[in-house]
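[1] Here's a sequence, model it:
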Amino acid sequence: MLRIRPYRKNDSKQIACWCRDSISFYQWSEGRLGDFPVSPERIEQAVSGRIDNEKYFPFTAFDETGAVGFFTLRQPGEDPEELSFGYVILRPESRGKGYGKQMLKLGIKFAFELYGITKVSLEVFDNNPDAYYCYKSVGFRENGNITSYDLCGEKWKSIEMEITR
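    I've put the predicted structure just below:
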């Protein structure tokens, strides 16, 4: 059974190992965490600086084997009715088992039922079809916003998706 809890400092040691190549690292981080490979300290720095912010929520997903996933929810702009997923990642050994869908559903439940917002959004690169179809399977739909990023010597297209209550 998958559950979520607030992120803990020691989680960064495990999360740092989950991106095993530069492409998956940049698909996950959009380059916001610096260069590959990322250190646990860099993850901790990025997350802990916002923990006391009432508009930022880092979560760790876990099962009986320990931590299997990580994501954040944050208010992306001034709209108090929206939260946005970020840094969505699963432990490589946990992929393909439905954990991504379960983790997203738990995050969506937190956003809608506990935090009381009306829209959840996220971005996904078009070169990450597994993530794209996972997001679609839990109800996210493209909203027409597309952003380009210069990553790994290429132009990557990021598709914004959302789900509303």
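
[2] Compute the distance between residue 136 and residue 129, please.
    Note on residue 136: its distance to residue 129, by Cβ to Cβ, to the nearest Å, is 10 Å. All C-beta spots, glycine's among them, are computed from the backbone N, C-alpha and C.

[3] So for those two, which sits in the more crowded spot?
    Set side by side, residue 136 and residue 129 show more neighbours around residue 136, with 13 against 10, by other Cβ atoms under 10 Å.

[4] Just say helix, strand or coil for that one.
    Per DSSP: H, G, I helix; E, B strand; the rest coil, the local secondary structure of residue 136 is helix.

[5] List the contacts of it.
    Residues in contact with residue 136, defined by Cβ atoms under 8 Å, 6 or more residues apart in numbering, are residue 161.

[6] burial of residue 35, as a residue count?
    Other residues near residue 35 number 10, with proximity taken as other Cβ under 10 Å.

[7] Residue 21 too?
    Using other Cβ under 10 Å as the criterion, residue 21 is surrounded by 10 other residues.

[8] Now it. Nearest residue, chain neighbours left out?
    Spatial nearest neighbour of residue 21, excluding adjacent residues (Cβ to Cβ, 6 or more residues apart in numbering): residue 36 at 7.7 Å.

[9] how far away is that neighbour from residue 25?
    Per Cβ to Cβ, residue 36 is found 4 Å from residue 25.

[10] do the same with residue 48
    Counting by Cβ to Cβ, the gap from residue 48 to residue 25 is 20 Å.

[11] Please apply the same query to residue 39.
    With distances taken as Cβ to Cβ, residue 39 is found 12 Å from residue 25.
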